[in-house]
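K.L.:
Dropping the sequence and predicted coords here.
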Amino acid sequence: MTYDLHIHSCLSPCAEDDMTPATIAGFAKLNGIDVIAVADHNSALNLPAVKIACDTYGVKLLPGIEVNTAEEIHLLTYFPTVEAALKMSDALYEKLPAYPYDHNIWGRQLVLNEDDQLLQEVDRLLTGAVGMDIYTVKRLCEELGGIAVPAHVDKDSFSLLSVLGFAPEDLPFEAYEVKRPEHTLQKLLDTGRMPPGQEILTSSDAHQLGDIAEHPRVLAENSCLLRLLR
Ligand SMILES: [Zn+2]
Ligand SMILES: [Zn+2]
């Protein structure tokens, strides 16, 4: 099963406005991707439309959210259903800073339906850090039946390893997202910053259509995420 499990829609202020649910699903199909995750910053509000669009195109959807924890660590949270992701989304919204939002500065945050019609614009900056630490976010995700995966751990900002320096023993994960495993994974393992033997995922982190993986990777046969895709 080929995958791209880190795609931002037009709900993320940093993503292009043409990253609409229907367009993402269509692009995924064109690129031969079997399963995608749309994982917007701190919100699941576009997932109902993405789910319908994916069903229409025959692409599997793994519902996701990329949470920015209180420590400014990006944590991908994946869920068995869109409903579970929406429950997480509601809890995150309550913990977002509520200062005045100006889309001219940060970009628009569009919630669309499956026909790309505008339903609403979100009025809190979704890329902000939520008032929940990484332990709390992980626990909440798991209580909703989900699996948390530290995002782009080899990036030098907004990642588990750039913020904490190493993966704490009391914070175990079944999988880690590594952006450039060919270049960085061995070093992370050799220096003991990451535990050995973990599942490694590599996705596009697409913010524009051209970024959606043209050469998607294949999900491991024993991937932990298969528990959510059944
Ligand atoms: Zn990120
Ligand atoms: Zn991202």
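P.N.:
Looks like it arrived, so ask away. Because the structure is a prediction, the values reported are computed rather than measured. Numbers count the residues shown, from 1 in each chain. Ligands and ions are numbered 1, 2, ... in the order given.
K.L.:
C-alpha from now on. contacts and neighbour counts both.
P.N.:
Will do.
K.L.:
give the contact list for Lys51.
P.N.:
Leu61, Val82 (Cα atoms under 8 Å, 6 or more residues apart in numbering).
K.L.:
Can you point out the buried residues in the helix or strand that contains it?
P.N.:
Lys51 is part of helix 47-57 when elements are defined by DSSP states H and E. Neighbour counts using 16 or more other Cα atoms under 10 Å place Leu47, Pro48, Ala49, Val50, Lys51, Ile52, Ala53, Cys54, Tyr57 of helix 47-57 among the buried residues.
K.L.:
For the chain, just list every one of the helices.
P.N.:
Listed in chain order, the helices of the chain (DSSP state H) span residues 21-30, 47-57, 82-94, 103-106, 134-143, 160-164, 181-190, 226-229.
K.L.:
Report all helices and strands that the longest one contacts.
P.N.:
So that's helix 82-94. Helices and strands touching helix 82-94, by 3 or more Cα pairs under 8 Å, 6 or more residues apart in numbering; DSSP states H and E, are helix 47-57, strand 64-68.
K.L.:
And for the first one?
P.N.:
Under the contact definition 3+ Cα pairs under 8 Å, 6+ apart, helix 21-30 sits against helix 47-57.
K.L.:
how far is the helix it packs on from where the chain is centred?
P.N.:
Its chain's C-alpha centre and that of helix 47-57 lie 16 Å apart, by Cα atoms, centre = their mean, to the nearest Å.
K.L.:
Make 68 the first number, not 1, from now on.
P.N.:
Taking 68 as the first residue, the last one we looked at is helix 114-124.
K.L.:
what's the average pLDDT for that helix?
P.N.:
Model confidence over helix 114-124, given as mean pLDDT, is 98.
K.L.:
who's in contact with Cys208?
P.N.:
Thr144, Tyr145, Phe146, Met155, Ile214, Ala215.
K.L.:
now swap in Leu268 and tell me
P.N.:
Leu268 sits next to Ala242, Tyr243, Glu244, Val245, Leu286 when contact means Cα under 8 Å, 6+ apart.
K.L.:
For stretch 183-200, what is the distance to the chain centroid?
P.N.:
That offset, for stretch 183-200, works out to 14 Å (Cα atoms, centre = their mean).
K.L.:
Stretch 223-242 too?
P.N.:
Centre to centre, stretch against its chain (Cα atoms, centre = their mean), the figure for stretch 223-242 is 16 Å.
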